[in-house]
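In: have a look at this prediction, sequence included:
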Amino acid sequence: MVTMHTEPLASLDQWDDHVRDRYDPNRKKEEFRVYDDSTPPVVREFYQLNHTGQTLDFVLSKESEYGSLNHGEMGIWEAMEKLNTLVDDSDPDTSLSQIDHNLQTAEAISRDGHPRWMVLTGFIHDLGKMLVFNGEPQWAVVGDTFPVGCAWSNKIVYPEMFAANPDRNRPETQTRTGIYEPGCGLRNVHMSWGHDEYLYRVTKDYLPEPAQYMIRYHSCYPVHREGAYDYLLDDRDREMLEWVRKFNPYDLYSKSDTRPSLDQLRPYYEDLVAAFFPAVVRW
Ligand SMILES: [Fe+2]
Ligand SMILES: [Fe+2]
């Protein structure tokens, strides 16, 4: 069992729970922007670290560190089971495991009749959290993602926390499009480093393009939810982001206290994983 008491969050799930609260459809409109006050101090501390540490240079170094996928070979199931040793110790009675969240997401997608590749995407979408086992801090594993190398949108949660980000002192990164050409497409934009980008790199050769977008941008709330950075997108992004938006409610709102039965579901998901992935993939 892995716990990280030097980190602000009690578990990685605490960030997921915060995002769910922020976009709770039952939340009253006037409450929508008051998450600053209602948010636990540890979550704010987490965002402070995230917004300070995610610089262009940090992202470029992580992209090169992980880009060659030389952190081991492992099957999808093995990764799933390893990740499952991370439990939410903030709420021991009701907390669901990582596999539970993955299964709930996938089962909800399946119930709505979506294609098999999308069910699979729901099942594996958070496996990039494996980054914690390489010693990455929470702020470089989870958190809403955003482009680096250009001005921060004020649609990013807690934009004022970027005041401490060293890129502030690099003028080339502080204009609207920064180091990018307008309309260059998200594939040419460096995103803050975390579990989305990592798993995209691990899985991209095995999945159709909409699945790649779902995995790569599911935490990019500024873009897929808030409509920020339209000036960096191209038409391909606009088409594919529809899939990311289709996926998001399953990630956010499929959580329930009923624990899915892994024993019962396992044969189906084993076939599904084997239909798209080799026995072992490079991480
Ligand atoms: Fe995620
Ligand atoms: Fe998730």
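Out: Looks like it arrived, so ask away. Numbering: from 1, shown residues only. Ligands and ions are numbered 1, 2, ... in the order given.
In: quick check: residue 53 touching residue 141?
Out: No: counting by Cβ atoms under 8 Å, residue 53 stays clear of residue 141, with 11.7 Å between them. For every residue, glycine as well, the C-beta is placed using N, CA and C.
In: more crowded one of these two?
Out: Legend: neighbour count by other Cβ atoms under 10 Å for residue 53 and residue 141, higher for residue 141 (24 against 18).
In: ligand 2 contacts on this structure?
Out: The chain has residues 126, 251 near ligand 2, with proximity defined as Cβ under 5 Å from the ion.
In: ok, then the element right after the helix-or-strand element of the chain with minimal mean pLDDT?
Out: Here the helix or strand of the chain ranked lowest by mean pLDDT, DSSP states H and E is helix 35-38, holding a mean of 62. Counting by DSSP states H and E, the element after helix 35-38 in chain order, helix or strand, is helix 41-53.
In: helices or strands up against the following helix or strand past that next one?
Out: Counting by DSSP H and E, the next helix or strand C-terminal to helix 41-53 is helix 56-67. Applying 3 or more Cβ pairs under 8 Å, 6 or more residues apart in numbering; DSSP states H and E, one finds that helix 56-67 contacts helix 195-203.
In: buried set for the helix it packs on?
Out: 195, 196, 197, 198, 199, 200, 201, 202, 203 (16 or more other Cβ atoms under 10 Å).
In: what do you get for stretch 169-189?
Out: Of the residues in stretch 169-189, those buried under the neighbour-count criterion (16+ other Cβ under 10 Å) are 173, 177, 178, 179, 180, 184, 186, 189.
In: between those, which sits nearest residue 20?
Out: Ranked by distance to residue 20 (Cβ to Cβ), those are led by residue 186 at 24.1 Å.
In: isn't that closest one right up against residue 235?
Out: No: applying Cβ under 8 Å, one finds residue 186 not in contact with residue 235, separated by 11.6 Å.
In: which neighbours do those two share?
Out: Here residue 186 and residue 235 share no contacting residue, scored by Cβ atoms under 8 Å, 6 or more residues apart in numbering.
In: how close does the residue in the stretch 51-200 of the chain positioned nearest to ligand 2 get to residue 10?
Out: Nearest residue of the stretch 51-200 of the chain to ligand 2, counting by Cβ to the ion: residue 126, 4.4 Å away. Distance, residue 126 to residue 10, using Cβ to Cβ, to the nearest Å: 17 Å.
In: quick one: the strands in this structure?
Out: In the chain, the strands defined using DSSP state E lie at 73-74, 281-282.
In: same list (these) but as CSV, adding distance to residue 98.
Out: Compiled in CSV, the strands of the chain are given as follows (distance: least, Cβ to Cβ, whole Å):
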stretch, distance to residue 98
strand 73-74, 15
strand 281-282, 18
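In: among these, which is nearest residue 152?
Out: strand 281-282 (32.8 Å).
In: sheet-wise, list the partners of that closest one with their directions.
Out: Strand 281-282 pairs in its sheet with strand 73-74 (antiparallel), by DSSP bridges.
In: in contact with residue 142, which residues?
Out: Counting by Cβ under 8 Å, 6+ apart, residue 142 touches 9, 12, 15, 16, 129, 194, 195, 219.
In: again, but for residue 229
Out: 147, 153, 189, 222, 223.
In: make CSV from these and add pLDDT to it.
Out: As requested, the contacts of residue 229 are exported to CSV (pLDDT from 0 to 100):
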residue, pLDDT
147, 98
153, 98
189, 98
222, 98
223, 98
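In: are any of those residues buried, and which?
Out: By 16+ other Cβ under 10 Å, the contacts of residue 229 give 147, 153, 189, 222, 223 as buried.
In: check the residue sitting furthest away from the middle of the chain and give its pLDDT.
Out: Among residues of the chain, the one most distant from the C-alpha centroid is residue 171; the distance is 28.3 Å, by Cα atoms, centre = their mean. Residue 171 is assigned 98 on the pLDDT scale.
In: now do residue 193
Out: At residue 193, pLDDT is 98.
In: with residue 85 instead?
Out: Looking at residue 85, the pLDDT reads 88.
In: tally of neighbours for it?
Out: Counted with other Cβ under 10 Å, residue 85 comes out at 11.
In: again with residue 260
Out: 17.
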